[in-house]
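Visitor: Here is my input, please return the structure:
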Amino acid sequence: MSDVFDFKPDPNAASPLYMQLAQALAQAIREAVFHADEALPSERVLAEQLGLSRVTARKAIDRLVEQGLIIRKRGSGNYIAPKLEQPLTRLTSFSEELQQRGFVPSSRWLLRGFTPAAPDEQLSLELKSGERVARLERLRLADSVVMAYEVSVLPQSVLADPQRVESSLYTHLGERAPVRALQHIRALNADAKLAGLLEVPLGAAVLFITRVGYLASGQAVELTHSYCRSDYYDFVAEMRRD
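Guide: Numbering: from 1, shown residues only. Take a look at the predicted model:
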């Protein structure tokens, strides 16, 4: 247990004690008092350190598991889940978002090369029939944990050598990186291939994101399909009422 975590129950609060503890732990996780993949004490140790019952500790942890903030690993214990909250109003790369939140981004490459453009890729990128595209297929990791499976397609004129892309695509593109994007998000259930890649159960809920990125001139230069683990990935939008 981190030395900076301090929990003082409010005897006058309407919420039960386990909810107060769950809320305090959740706040500590969001404020990076605990770090991704850090192990929490066992329910017994947690209860003893905070002067609570094991039932209270167990119910609080159950609540955080339901919210996706804690992962239970059988035979090992409870761990802080890597969590990426990406604002919907800012265009950044996966690597940039992770670095800003203190994670170490990396990629596990599955494909870097050229292929003929599929019909939907021709349409999105305004390509001619038969035109080739650079195709990047990879797993995106945060602190060595698989967060997403991603397929990016770019015109060959924009990305002449896919093998040279190492981590951040946008950093590699430099001035040719998109400055505007349209993004569509929907939920789907992981099939056998996707479940294996993302290391999730068959049929698990996954966020499917399609993004088309544009230059300032309006030219479409990137089509990316991302399959994100819903237990690790959140999208945040701020809304105002006129």
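Visitor: Quick check: beta-bridge partners of Ser152?
Guide: Taking DSSP bridges as the rule, Ser152 bridges to Leu136, Thr224.
Visitor: swap in Gly113?
Guide: Arg135.
Visitor: Hmm, it is touching Asp161, no?
Guide: No: applying Cβ atoms under 8 Å, one finds Gly113 not in contact with Asp161, separated by 10.1 Å. C-betas here are computed from N, CA, C, even on glycine.
Visitor: measure Gly75 to Arg176 for me?
Guide: From Gly75 over to Arg176 the distance is 48 Å, taken as Cβ to Cβ, to the nearest Å.
Visitor: neighbour-wise, which of those two wins?
Guide: Of the pair Gly75 and Arg176, Arg176 is the one with more neighbours under other Cβ atoms under 10 Å, namely 15 against 4.
Visitor: Not counting its neighbours along the chain, what's nearest the more buried one?
Guide: In space, and not counting its chain neighbours, Arg176 is closest to Val158: 5.5 Å by Cβ to Cβ, 6 or more residues apart in numbering.
Visitor: The one you found in helix, strand or coil?
Guide: Under the three-state scheme (DSSP: H, G, I helix; E, B strand; the rest coil), Val158 adopts coil.
Visitor: And the strands in this protein?
Guide: 70-73, 77-80, 84-87, 105-116, 132-142, 145-155, 180-189, 205-214, 220-229, 233-236 (DSSP state E).
Visitor: May I see the buried residues of stretch 215-233?
Guide: 215, 220-229, 231-233 (16 or more other Cβ atoms under 10 Å).
Visitor: quick one: Tyr227 and Arg140 touch, right?
Guide: No: between Tyr227 and Arg140 there is no contact under Cβ under 8 Å: 9.9 Å.
Visitor: shared neighbours of those two, anything?
Guide: 148-150 (Cβ atoms under 8 Å, 6 or more residues apart in numbering).
Visitor: If I follow the layout properly, Leu215 ends up in contact with Gly174?
Guide: No: counting by Cβ under 8 Å, Leu215 does not reach Gly174; the two are 12.0 Å apart.
Visitor: any idea which helix or strand of this structure has the worst average confidence?
Guide: strand 84-87 (a mean of 60; mean pLDDT, DSSP states H and E).
Visitor: What about Leu52, how many residues nearby?
Guide: Neighbour tally, Leu52, other Cβ under 10 Å: 19.
Visitor: can you check His172 too?
Guide: Neighbour tally, His172, other Cβ under 10 Å: 16.
Visitor: how much space is there between it and Leu46?
Guide: From His172 to Leu46 the distance is 44 Å (Cβ to Cβ).
Visitor: again, but for Arg211
Guide: Counting by Cβ to Cβ - Arg211 and Leu46 are separated by 41 Å.
Visitor: next one: Glu66
Guide: Relative to Leu46, and taking Cβ to Cβ, Glu66 is found at 17 Å.
Visitor: Noted, bye for now.
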